[in-house]
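*Asks:* Here is a sequence together with a model predicted from it:
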Amino acid sequence: MQLTFKYRIKDKHAARLNAQARAVNFVWNYCNETQQKAARARRKWLSGHDLWKLVAGATKEGLDLHSHSAMRVCKEYDKARRQHRRAWLRWRSRKSLGWVPFNTGHVVFRDGAFVFRGETYNVWLHRQIPDDAKIGAGSFNQDSRGRWYLNVPVEVETADLASLEKVGIDLGLNSLVALSTGETIEAPQFYRKSERALAAAQRARKSKHARRIHAKARNRRKDFLHKKSKEIAQKYGLIVVGDVSPKKIAQSRFAKSVHDAGWADLKHMLSYKAITHGGSMLEVCERHTSQSCSECGGLPATRPRGIAGLRKRVFVCDDCGAVLDRDVNAARNILRVGQDTLGGGAHV
């Protein structure tokens, strides 16, 4: 399985990477200008290969960029334009976060550091990779604080056997995760806890300090999600998660809470960590999972419905008399749907 390891690059290499990032912006803007002219003239829209043929040779004429990096920029530009279904995209300026892509085999791990274009980049090696590991196509990227990171895809071994235990997961805002076993993981709310300090920094117009607060909350959230997702992936061989859409809920009044919970990151971490530990993750439709009883399968008249029903945190079934935590009941129904899907196929 291929995983991407992310390493923080030491600040002494920032000037070199900033120069290459400016060259990437130049190539991107050239592609954007060329595509804009073609669209306005109603000519054939250019593909990534067409743009690369126009850019080929420019790296030898004083442009501080590897030729394969320029090719990746052209292909990524074409891919982004097609995904967004736009005739052309936004221009990259000095305010754009730095990005330098590279192809497979162009970055080598040697003596505890990474070598790219003959230059050694020292990193904080928090996770060791094999000396003979073949590094795939990755990138250098910059965050909002101006720090540079190296993203290296590496092939890793996966476990042959997984646990026979299975679990259903219901994602929420009060309880970040409710398991079908009855356990719950409370949402840490790192952003909510830092709002007061963030507001003070923004009122004082201390933008750098505000970015540091945002970065700290984001890093703490990722660290928490990594640890919890690893615990779940190690313990359970089959993980079934509801298909709740954070993007849709983020358009409601729960936007801050949804972004602070990090549902998308958690599902992504569970998906690849389950495979790494020999298991699997399944995402299923969670429609009516919070309204139906996990004991008898009935739909009681007093079931929670709509936004008003969110206040009901205890599920009581009038048919069989079951009394359950609302989120745990939903998690059990999600697990049942996942098992039915694996047994008889997805329902239309």
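*Replies:* Structure received. Not measured: the values here are computed from a predicted model.

*Asks:* what stretches of the stretch 51-200 of the chain score poorly on pLDDT?
*Replies:* Judged by pLDDT under 70, the stretch 51-200 of the chain has its weakly predicted residues at 131.

*Asks:* Which stretches in it count as helices?
*Replies:* Listed in chain order, the helices of the stretch 51-200 of the chain (DSSP state H, counting those that start in this stretch) span residues 67-84, 190-193, 195-203.

*Asks:* Which of the ones you listed sits closest to Arg220?
*Replies:* Go through the helices of the stretch 51-200 of the chain one by one with CB to CB and the one that ends up closest to Arg220 is helix 190-193, at 4.7 Å. C-beta here means a position set from N, CA and C on the backbone, and glycine is covered the same way.

*Asks:* residues making contact with that closest one?
*Replies:* Helix 190-193 has contacts (CB atoms under 8 Å, 6 or more residues apart in numbering) with Ala217, Arg218, Arg220, Arg221, Phe224, Lys256, Ser257, His259, Asp260.

*Asks:* For Pro300, give me its contacts.
*Replies:* Pro300 neighbours (CB under 8 Å, 6+ apart): Cys293, Val316, Cys317, Asp318, Asp319.

*Asks:* Assumed it was part of a helix.
*Replies:* No. Counting by DSSP: H, G, I helix; E, B strand; the rest coil, Pro300 is located in no helix; its state is coil.

*Asks:* Helix, strand, or coil at the closest residue to it other than its chain neighbours?
*Replies:* Closest residue in space to Pro300, ignoring its immediate chain neighbours: Asp318 at 4.2 Å, by CB to CB, 6 or more residues apart in numbering. Following three-state DSSP, the label given to Asp318 is coil.

*Asks:* Hmm, Thr302 and Asp318 touching each other?
*Replies:* Yes. Asp318 is within contact range of Thr302, at 5.9 Å (criterion: CB atoms under 8 Å).

*Asks:* If you tally nearby residues, what's the number for Leu299?
*Replies:* 13 (other CB atoms under 10 Å).

*Asks:* Same question for Ala215.
*Replies:* 14.

*Asks:* what sits against it?
*Replies:* The neighbourhood of Ala215, defined by CB under 8 Å, 6+ apart, consists of Asp143, Ser144, Arg145.
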